[in-house]
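Peer 1: build the 3D model from these lines:
(2 chains)
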2 protein chains.
Amino acid sequence: MSKLSVDLDTDNVRIVGDSLPEMPWQDKPEGSEAPVWRHSENPVIGRNPVPGIARIFNSAVAPYEGRFVGVFRAETINGRPHLHLGWSDDGLAWDIETERLHLVDEEGDDYQPNYAYDPRLVRVEDTYYIIWCTDFYGAALGIAQTKDFKSFVRLENPFLPFNRNGVLFPRKLNGNYVLLSRPSDSGHTPFGDIFLSESPDLVYWGKHRHVMSKGGQGWWQSVKIGGGPAPIETTVGWLMFYHGVTGTCNGLVYSMGVTVLDLDDPSKVKYRSSNFVLTPEEWYEERGFVPNVVFPCATLHDADTGRIAIYYGAADTYVGVAYTTVSDMLKYVIATDEVVADDHELGRM
Amino acid sequence: MSKLSVDLDTDNVRIVGDSLPEMPWQDKPEGSEAPVWRHSENPVIGRNPVPGIARIFNSAVAPYEGRFVGVFRAETINGRPHLHLGWSDDGLAWDIETERLHLVDEEGDDYQPNYAYDPRLVRVEDTYYIIWCTDFYGAALGIAQTKDFKSFVRLENPFLPFNRNGVLFPRKLNGNYVLLSRPSDSGHTPFGDIFLSESPDLVYWGKHRHVMSKGGQGWWQSVKIGGGPAPIETTVGWLMFYHGVTGTCNGLVYSMGVTVLDLDDPSKVKYRSSNFVLTPEEWYEERGFVPNVVFPCATLHDADTGRIAIYYGAADTYVGVAYTTVSDMLKYVIATDEVVADDHELGRM
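Peer 2: Predicted coordinates:
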């Protein structure tokens, strides 16, 4: 047991946020010891879901007006990814729109990224933000906002290239928007840590801090790590799922890890599991366009029950759902906590 | 002759800025056709200039209170670079301080970068800014300010890693500071274009634009390019020297190029020479720690005469000086103008 867990009653950890009783849910299978368990009918989105789209994966969802909305990475049948909206009553059966999501720039002119992938979808106050990987003379972060999921305004790119895995916090901290990202290179980046940046206005960004290093005792996150779903506010800290990548003789393997960041200064890691909590095991995770990938991009969660549904891309081909609870996660992350590099300190500037 | 030159009287192009009659100067050698010519007594700083420092190169200078001040990349005899101040009456003979430049952070605490290299030194209004390559979990830009060259306050890093070759414009544009940079990777980056970013306050940065692509018809800038001295304001546009890099079987070769950026929107290139204007030819450019490097980092220039002295690192070992005039440069850049990629358009966002 970690030194840090002494005074923490993990049974009483609560999600700080909205109720969401209609979210998808399945109880942990009888006898299971797993910290995270898969939806029994995975994948929830299969191949060729609508005409012209070969695969949907690495996508984000949110509750909206009694239903669920999704922003999907849709790999078209020419192999280039774009963003498509989708809707669902239960968060499991999805109607995907056949037209691409239509963006305009701040002057109101049409704006179509050359490509768009790995979207995140985060509500801050009364606005929803989509952050994706966009083409800015190389991979960089794009960001757009909507209030009604009908008109989408593309904002200034937050950062110079090269960057991926932009994840906005669901509320401002100290008056500023906070965005996690993973500085990259121009290719299939063979390195990568998670950083944090702040903005007063979503135009200018700064106060960049290092949050988490790849590495640790285990090997599953030895090559690179990247943010996933928006961090979930809890009474103990920001509960965050992320992806960790290891290398093999036959390519990279993407697993899911869990960490808790400091509530007031999320550049400090409070707890970080030395183990993955989900790794490719099922056929839809091991087989596909990119074998051996689980890549979490969103959660739905219910403050009343502490339930969490994790949406993840599987093998760059499918969408899967997995479940856990805030209490399960806090117990697990504390029991398996490790300090990696200077993670637990203020992210050196 | 370029289509753009028709209406431009290059003999009447003027530097917009201060008089500096005391700057170093030598006339173009009799009979020379060179657009840029070297100081006859190069290098102006040789090996082992002061105890503990093996080499000085890639360094920046500015006029200050009737003398010249320099911020030097000083490679210590353990091989790690730090910043040292130096002073000169004529801009050619330099007294280098033996102690490192002492920085404090914004709280007034001592701040010492793990390493610091390739500094630029730019005055904006009444403040001097040093921008250097710093260690932020990888190569990134550091920035500090001073008004008296006695106390130096280190500011927030403008960008996430990985980045190099940060060059500030010498005045605000549309109320914002403007910083050129070259997004990189974590190693000896095998690619790289010049980008531009704006800041209202030197804390938060945004409105990132692409300025110039590597490449073009020639091969001398085929691998990467990076900003050099602060752009010089002229009546025609921002005259900018930069470095361009090509690859050979025995490593990289760094030459100097010249471009003119639009006065109001310097993300647009007005003219760009297809040729280098200085390339390693002399022994101090061809021989040294990194053979075959000319790397410009600063200019001194005189608005009355249009004279320009360019300070450049040679072979990562020496400091050289070369001369030209604003009129020579405008004639040359127009005569050899080429459009590379979408350089002459608004830098796509």
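
Peer 1: rest of the way, CA atoms for contacts and neighbours
Peer 2: OK.

Peer 1: near chain B, which residues of the stretch 1-150 of chain A?
Peer 2: Contacts of the stretch 1-150 of chain A with chain B, taken as C-alpha under 8 Å from any C-alpha of the partner chain, map to A:136-137.

Peer 1: and the strands in the stretch 1-150 of chain A?
Peer 2: A:37-38, A:53-64, A:67-76, A:81-88, A:95-96, A:103-104, A:110-111, A:116-124, A:127-135, A:139-146 (DSSP state E, counting those that start in this stretch).

Peer 1: what packs against the fourth one?
Peer 2: For strand A:81-88, the helices and strands in contact under the criterion 3 or more C-alpha pairs under 8 Å, 6 or more residues apart in numbering or on different chains; DSSP states H and E are strand A:67-76, strand A:95-96, strand A:116-124.

Peer 1: angle of the last one against strand A:67-76?
Peer 2: Okay, so that is strand A:116-124. For strand A:116-124 against strand A:67-76, the angle by axes from the mean of the first three to the mean of the last three C-alpha atoms, to 10 degrees is 160 degrees.

Peer 1: please identify the buried residues of strand A:116-124?
Peer 2: A:116-123 (16 or more other C-alpha atoms under 10 Å in any protein chain shown).

Peer 1: and which of those is nearest residue A:183?
Peer 2: Distances from the buried residues of strand A:116-124 to residue A:183 were compared by C-alpha to C-alpha; the smallest belongs to residue A:118, at 15.0 Å.

Peer 1: any idea of the pLDDT on that closest one?
Peer 2: Looking at residue A:118, its pLDDT reads 98.

Peer 1: hmm, it is touching residue A:71, no?
Peer 2: No - between residue A:118 and residue A:71 there is no contact under C-alpha atoms under 8 Å: 9.3 Å.

Peer 1: intersection of neighbour lists for the two?
Peer 2: By C-alpha atoms under 8 Å, 6 or more residues apart in numbering or on different chains, residue A:118 and residue A:71 have these common neighbours: residue A:59.

Peer 1: residue A:327 belongs to a helix?
Peer 2: Yes - counting by DSSP: H, G, I helix; E, B strand; the rest coil, residue A:327 falls inside a helix.

Peer 1: that one: neighbouring residues, count only.
Peer 2: 19 (other C-alpha atoms under 10 Å in any protein chain shown).

Peer 1: who in the stretch 151-300 of chain A is up against chain B?
Peer 2: Residues of the stretch 151-300 of chain A lying near chain B (C-alpha under 8 Å from any C-alpha): A:156-162, A:183-186, A:195, A:199, A:203-208, A:210.

Peer 1: 7 Å instead?
Peer 2: Residues of the stretch 151-300 of chain A lying close to chain B by C-alpha under 7 Å from any C-alpha of the partner chain are A:156, A:158-161, A:183-185, A:199, A:203-208.

Peer 1: inside strands: which ones of these?
Peer 2: Counting by DSSP state E, these place A:183, A:199, A:204-208 in strands.

Peer 1: closest one of these to residue B:263?
Peer 2: Nearest to residue B:263 among those: residue A:204, at 22.4 Å, using C-alpha to C-alpha.

Peer 1: ok, the closest one to residue A:313 distance?
Peer 2: 31 Å (C-alpha to C-alpha, to the nearest Å).

Peer 1: who's more crowded, the two?
Peer 2: Applying other C-alpha under 10 Å to residue A:204 and residue A:313 shows that residue A:313 carries more neighbours, namely 27 against 24.

Peer 1: the host helix or strand of the more buried one to strand A:67-76, inter-axis angle?
Peer 2: Element membership of residue A:313, judged by DSSP states H and E, is strand A:307-314. If you take the same axes, to 10 degrees, strand A:307-314 sits at 10 degrees to strand A:67-76.

Peer 1: pairing partners for strand A:307-314, with directions?
Peer 2: strand A:294-301 (antiparallel), strand A:318-325 (antiparallel) (DSSP bridges).

Peer 1: most packed of those strands?
Peer 2: Ranked by mean neighbour count, the strands paired with strand A:307-314 are led by strand A:294-301 with a mean of 29 (mean count of other C-alpha atoms under 10 Å in any protein chain shown).

Peer 1: pull the distance from that strand to the chain's centre.
Peer 2: Centroid separation between strand A:294-301 and its chain, computed with C-alpha atoms, centre = their mean, to the nearest Å, is 5 Å.

Peer 1: what sits up against it?
Peer 2: Applying C-alpha atoms under 7 Å, 6 or more residues apart in numbering or on different chains, the contact partners of strand A:294-301 are A:20, A:23, A:58-62, A:120, A:228-230, A:242-243, A:254-256, A:279-280, A:285, A:307-315.

Peer 1: output stretch A:154-163 as PDB, nothing but the C-alphas.
Peer 2: C-alpha atoms of stretch A:154-163 as PDB (Å, rounded to 0.1, in the frame of the first residue of the first chain):
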ATOM      1  CA  ARG A 154     -13.000  26.500 -35.600                       C
ATOM      2  CA  LEU A 155     -10.600  28.500 -33.300                       C
ATOM      3  CA  GLU A 156      -6.900  29.300 -33.500                       C
ATOM      4  CA  ASN A 157      -4.600  26.300 -33.300                       C
ATOM      5  CA  PRO A 158      -3.400  26.400 -29.700                       C
ATOM      6  CA  PHE A 159       0.100  25.300 -30.400                       C
ATOM      7  CA  LEU A 160       2.800  25.100 -33.000                       C
ATOM      8  CA  PRO A 161       3.300  21.700 -34.600                       C
ATOM      9  CA  PHE A 162       4.100  19.000 -33.800                       C
ATOM     10  CA  ASN A 163       1.600  17.900 -31.300                       C
END
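
Peer 1: pull the distance from that stretch to the chain's centre.
Peer 2: On C-alpha atoms, centre = their mean, the centre of stretch A:154-163 falls 18 Å from the chain's centre.

Peer 1: buried residues, it. List them.
Peer 2: For stretch A:154-163, using 16+ other C-alpha under 10 Å, the buried residues are A:154-163.

Peer 1: now it: mean pLDDT?
Peer 2: Stretch A:154-163 comes out at a mean pLDDT of 98.

Peer 1: any of the contacts of strand A:294-301 buried? List them.
Peer 2: A:20, A:23, A:58-62, A:120, A:228-230, A:242-243, A:254-256, A:279-280, A:285, A:307-315.

Peer 1: now do the nearest residue to residue A:309 once chain neighbours are set aside against chain B, distance only.
Peer 2: In space, and not counting its chain neighbours, residue A:309 is closest to residue A:323: 4.6 Å by C-alpha to C-alpha, 6 or more residues apart in numbering or on different chains. Using C-alpha to the nearest C-alpha, to the nearest Å, residue A:323 is found at 34 Å from chain B.

Peer 1: ok, residue A:34 next?
Peer 2: 34 Å.
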